[in-house]
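In: Sequence first, predicted coordinates after that:
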Amino acid sequence: MENKQSPIIMWFRRDLRLSDHPALSAAVRSGRPVIPLFILDDLAAALGAAPKWRLGLGLVAFAQSLRMASNRLILRRGDPLSVLQDLIVETGATSVYWSRAYDPDAIARDTRIKSALTKQGVEARSFAGHLLFEPWTVATKAGQPFRVFTPMWRAVQGREVAAPEAAPSVVPAPQKWPATENLEAWELGRSMNRGAAVVAPYVRSGEPSAFEVLHGFLDRISNYSEERNRLDTDGTSDLSEYLSLGEIGPRSVWHAVQRAAMTGTQGTDAFLRQLVWREFAYHLMFHTPHLLTENWKKEWDAFPWNKDASQPEVVAWQQGRTGVPAVDAGLRQMYVTGRMHNRARMIAASYLTKHLMTHWKIGMSWFADCLIDWDPAANAMGWQWVAGSGPDASPFFRIFNPQTQQEKFDPEGAYLKRWIAEGQATPSATALAYFEAVPRSWALDPASTYPEPVVDLTSGRARALAAYESRKSG
């Protein structure tokens, strides 16, 4: 018979919130003490500089939320199974709950842990929470996973999404607290170096901030369809970093937008479509995990991409000094704010993979190091989608022209002025901040001359198309 006083270890990962949290809600409903735990394991330690730093901020904010709920966050470092087993012995816990992850490494980890704990007689339960729909619940009429987005979007539009549960006012605490490690000692922001101070003013971490951002977005969602691609306006939701770390649940976002739709607010369908695009990325990663490491379409394995990240053209791209303003502005925005406008991401990715003929994995890895809203599924699918090797009905010869993209989505050049200092008599503070954020080893100065294009747009496009035609006929 289960001891009603034995604690439940609530193992938090990318779900740093109290509301819309099925695992936590189940733990609280049990009436048993709850021990919130975060483990710095090999997967978390392997995060890139920016997302690891942002994780640290998220943990600080989440610990505060738990304190407000009369509980506290326990921090441990090491192999998760060993950490959990030690904590079970220390506390007498008989259950471990967690929210599911969907990348192959996390699935392997969690499967191993669930098996080992179950053999020890410990209840090990995983719950939904990071997605709207579990990947195995959405399929074509033939019972296969969707490989194209639009049919998936049609299939889930009418589906019911469970209402999110409210955050518990109190998370029952154990009578005795286990020891915790010091978050500062983990130095999660060490690799950010001086960039952390530059990016910090653009970050508001934690669940309360996530809801503030959501409500602010709902005030302007009516313009979303028209403005989400504009580089010069505040047309996007800015929710990506919160969804990535689970500081807000997707069901909370879905239902908030649906409530807006019921009042006649425009733009809601366009945004919900993008929320399901996130789902699509996760479903692809779950069903075809090679999305993260290999060409999703195997016929691209022989494509002659450059795989050398040290090539001068690639270094120029990484530094935001390609001489193509629409590309450079996006990369510089990333160094100053930790984020990049989605349209700018597509422009930058297309330029790297097509004009510079460089493998998408080089760009994917760079973003994984520099984006505070890094997400394994979205990052991989986004890069493969643009490169042509991924789940996209459009062929490789859809090559973004950075110049025409800028003219269409930044017609007055406001975005370029915001992020590129060279050539301006009085550069903006944001443009100058780029030079404070990047490594000193780059030896960059705002007084320097803006570079000439490393590749002419016309010849770069022609080279990419020639390689594509050669692959088809080869």
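Out: Looks like it came in fine.
In: Please count neighbours and contacts with C-alpha atoms only from this point.
Out: Fine.
In: For stretch 79-99, list every residue counted as buried.
Out: 80-81, 83-85, 87-88, 91, 93-99 (16 or more other CA atoms under 10 Å).
In: Could you do stretch 381-395 as well?
Out: Those would be M381, G382, W383, Q384, W385, V386, A387, G388, S389, G390, P391, D392, for stretch 381-395 by 16+ other CA under 10 Å.
In: Of the buried residues of stretch 79-99, which pair is most distant in space?
Out: T91 and S99 (21.3 Å; CA to CA).
In: What does the pLDDT read for the residue nearest to G267 when sequence neighbours are not counted?
Out: Closest residue to G267 apart from its sequence neighbours, by CA to CA, 6 or more residues apart in numbering: S222 at 4.6 Å. Note for S222: predicted pLDDT of 95.
In: did I read that right, S222 in a helix?
Out: Yes: under DSSP: H, G, I helix; E, B strand; the rest coil, S222 sits within a helix.
In: returning to what we had before: can you tell me which of the buried residues of stretch 79-99 are in strands?
Out: S95, V96, Y97, W98, S99 (DSSP state E).
In: For I39, see how far away the second one is.
Out: Spelled out, it's V96. Distance, V96 to I39, using CA to CA, to the nearest Å: 13 Å.
In: Report the set of residues contacting both of those two.
Out: Jointly contacting V96 and I39 under the rule CA atoms under 8 Å, 6 or more residues apart in numbering are W11.
In: any chance of the buried residues of stretch 381-395 in TSV, with secondary structure and distance to M68 too?
Out: Converted to TSV, the buried residues of stretch 381-395 look like this (DSSP: H, G, I helix; E, B strand; the rest coil; distance: CA to CA, whole Å):
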residue	secondary structure	distance to M68
M381	helix	38
G382	helix	38
W383	helix	40
Q384	helix	42
W385	helix	42
V386	helix	44
A387	helix	46
G388	coil	48
S389	coil	47
G390	coil	44
P391	coil	44
D392	coil	45
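In: Quick one: the residues you listed as TSV, columns for pLDDT too.
Out: Compiled in TSV, the buried residues of stretch 381-395 are given as follows (pLDDT from 0 to 100):
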residue	pLDDT
M381	96
G382	95
W383	96
Q384	95
W385	94
V386	93
A387	93
G388	91
S389	93
G390	92
P391	89
D392	74
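In: Now tabulate the residues you listed in CSV and tack on distance to S30.
Out: CSV is the format used below for the buried residues of stretch 381-395 (distance: CA to CA, whole Å):
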residue, distance to S30
M381, 39
G382, 41
W383, 43
Q384, 44
W385, 44
V386, 47
A387, 48
G388, 49
S389, 47
G390, 44
P391, 43
D392, 45
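In: quick one: buried residues of stretch 409-423?
Out: Buried, per 16+ other CA under 10 Å, within stretch 409-423: F409, D410, Y415, L416, K417, R418, W419, I420, A421, E422.
In: centre of the chain versus it, how much separation?
Out: 26 Å (CA atoms, centre = their mean, to the nearest Å).
In: hang on, the earlier thing: the residue nearest to G267 against T268, yeah?
Out: Yes: using CA atoms under 8 Å, S222 is in contact with T268, at 7.2 Å.
In: Can you give me the distance of the residue nearest the centre of the chain to P51?
Out: Centroid check for the chain by CA atoms, centre = their mean gives D375 as the closest residue, at 2.6 Å. Computed as CA to CA, the D375 to P51 distance reads 9 Å.
In: Please apply the same query to V96.
Out: Distance from V96 to P51, by CA to CA: 26 Å.
In: I'd assumed V198 was in contact with V336.
Out: Yes: using CA under 8 Å, V336 is in contact with V198, at 6.0 Å.
In: anything in contact with each of these two?
Out: Contacts common to V336 and V198, judged by CA under 8 Å, 6+ apart, are A433, A437.
In: Look at those two and report which has more neighbours.
Out: Shown here are V336 and V198; by other CA atoms under 10 Å, V336 has more neighbours (27 against 21).
In: who touches the more buried one in this structure?
Out: G195, V198, V199, T430, A433, Y434, A437 are the contacts of V336 under CA under 8 Å, 6+ apart.
In: Tell me the one of those residues nearest G121?
Out: Proximity of the contacts of V336 to G121 (CA to CA) peaks at V199, which lies at 46.1 Å.
In: what about that closest one, how many neighbours?
Out: 23.
In: who touches the helix or strand harbouring it?
Out: Assigned by DSSP states H and E, V199 falls within helix 195-199. Residues outside helix 195-199 that contact it (CA under 8 Å, 6+ apart): W53, G189, Y335, V336, T337, G338, A433, E436, A437, V438, P439.
In: want to try CSV for these, with secondary structure as columns?
Out: Conversion of those to CSV gives the following (three-state DSSP):
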residue, secondary structure
W53, helix
G189, coil
Y335, helix
V336, helix
T337, helix
G338, coil
A433, helix
E436, helix
A437, helix
V438, coil
P439, coil
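In: Double-check that T111 belongs to a helix.
Out: Yes: with three-state DSSP as the criterion, T111 is assigned to a helix.
In: What count of nearby residues applies to it?
Out: With other CA under 10 Å as criterion, T111 counts 12.
In: In contact with it, which residues?
Out: T111 touches nothing, counting by CA under 8 Å, 6+ apart.
In: Next one: R220 from Q266, what distance?
Out: The value you get for R220 to Q266, if CA to CA is used, is 10 Å.
In: Domain map for the protein?
Out: Split into domains by automatic domain parsing, the chain comes to 8-129, 131-162+199-287, 298-473.
In: for those domains, which one sits closest to K176?
Out: Short answer: domain 8-129, nearest of the domains of the chain by CA to CA, at 7.9 Å.
In: chain center to the closest one, what's the gap?
Out: 19 Å.
In: Buried ones in the lowest-mean-pLDDT helix or strand in the chain, by neighbour count?
Out: Here the helix or strand of the chain ranked lowest by mean pLDDT, DSSP states H and E is helix 457-473, holding a mean of 84. Applying a neighbour-count criterion of 16+ other CA under 10 Å, one finds L457, G460, R461, A464, L465, Y468 buried in helix 457-473.
In: If we only consider these, which is nearest to E294?
Out: Y468 (18.4 Å).
In: Relative to S459, how far out is that closest one?
Out: 14 Å.
In: Longest strand in the chain, please.
Out: Every strand in the chain considered (DSSP E), the longest is strand 34-40.
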